[in-house]
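[1] My questions concern the predicted model and sequence given below.
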Amino acid sequence: MERFEAAPGVSVELVVGDITELEADAIVNAANSYLEHGGGVAGAIVRKGGYEIQEESREWVRRHGPVPVGGVAVTGAGRLKAKYVIHAVGPRCGVEPVEKIGEAVENAIMKAEELGLRSVALPAISTGIFGCPYGEAARLTAEAVRRAAPRLKNVKRIIVCLYGEEAYRTYVEAFRRVF
Ligand code: AR6
């Protein structure tokens, strides 16, 4: 585990593990615009949290339409320890601009703030099925945390959850450069 001070009173922790096991007020999902939760983080969230998360997601899309790339939507978290799932839509690399990762991260953190939460856990958005390289995703994520952190009053703890050592090492390097 590696911890940085993102702003006075706001910490960002990088950890290795399964995001669905984390204790945070909100877990961020690496979602697609239709909130159809297939594999990766999304699949794990529905498997562990329950199918109600998928149903609530469909209802959200029926009401509001698809979530734009870089945007977020909120549902309950079913049986997960978290109170909410914040579904953040990252870009598909080679199709949409990689910079949208930063937008998705910043919007997810600011949504947690708006919900009055103290802690939020994020995965490495777009680096799995959406095919973005860890290096760029890590830099964009670190820069997005730096932009969001000074504006936070409720959120005190941001956790970035990496799945495996390679992702972890790359994100730690990027965060050391930014913080
Ligand atoms: N906990 C933490 N990280 C994980 C977990 C987990 N349980 N499982 C995978 N990862 P991905 P994307 C890592 O594919 O690239 C879905 O079908 C994984 O190693 O979950 O944004 C959605 O419905 C990778 O580093 O998200 C979308 O259609 C990172 O999490 C699409 O995939 C993100 O991988 C989104 O693709």
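    Received, thanks.
[2] Give the rounded mean pLDDT of stretch 42-51.
    Stretch 42-51 shows a mean pLDDT of 98.
[3] quick check, it touching the ligand?
    Yes. For stretch 42-51, a contact with the ligand is found by C-beta under 6 Å from any ligand atom, at 42, 44. Every C-beta, even on glycine, is put in place using the N, C-alpha and C of the backbone.
[4] Show me which parts of that stretch are buried, residue by residue.
    42, 44-46, 48-50 (16 or more other C-beta atoms under 10 Å).
[5] check whether stretch 22-37 contacts the ligand.
    Yes. Against the ligand, stretch 22-37 shows contacts by C-beta under 6 Å from any ligand atom at 30-32, 37.
[6] first vs last residue of that stretch, how far apart are they?
    End-to-end distance of stretch 22-37: 19 Å, with C-alpha to C-alpha, to the nearest Å as the criterion.
[7] next one: it to chain centre, how far?
    Stretch 22-37 sits 7 Å away from the centroid of its parent chain (C-alpha atoms, centre = their mean, to the nearest Å).
[8] Would you map the helices across this protein?
    Remark: helices assigned in the chain by DSSP state H are 40-49, 52-64, 100-114, 134-148, 165-178.
[9] if we can go back for a sec, most neighbours, which of the residues of stretch 22-37 next to the ligand?
    Sorting the residues of stretch 22-37 next to the ligand by how many neighbours each has (other C-beta atoms under 10 Å) puts Ala31 first, at 27 neighbours.
[10] beta partners for the residue lying closest to that one once chain neighbours are set aside?
    Spatial nearest neighbour of Ala31, chain neighbours left out: His87 (3.9 Å); criterion: C-beta to C-beta, 6 or more residues apart in numbering. Legend: beta-bridge partners of His87 under DSSP bridges are Asn29, Ala73.
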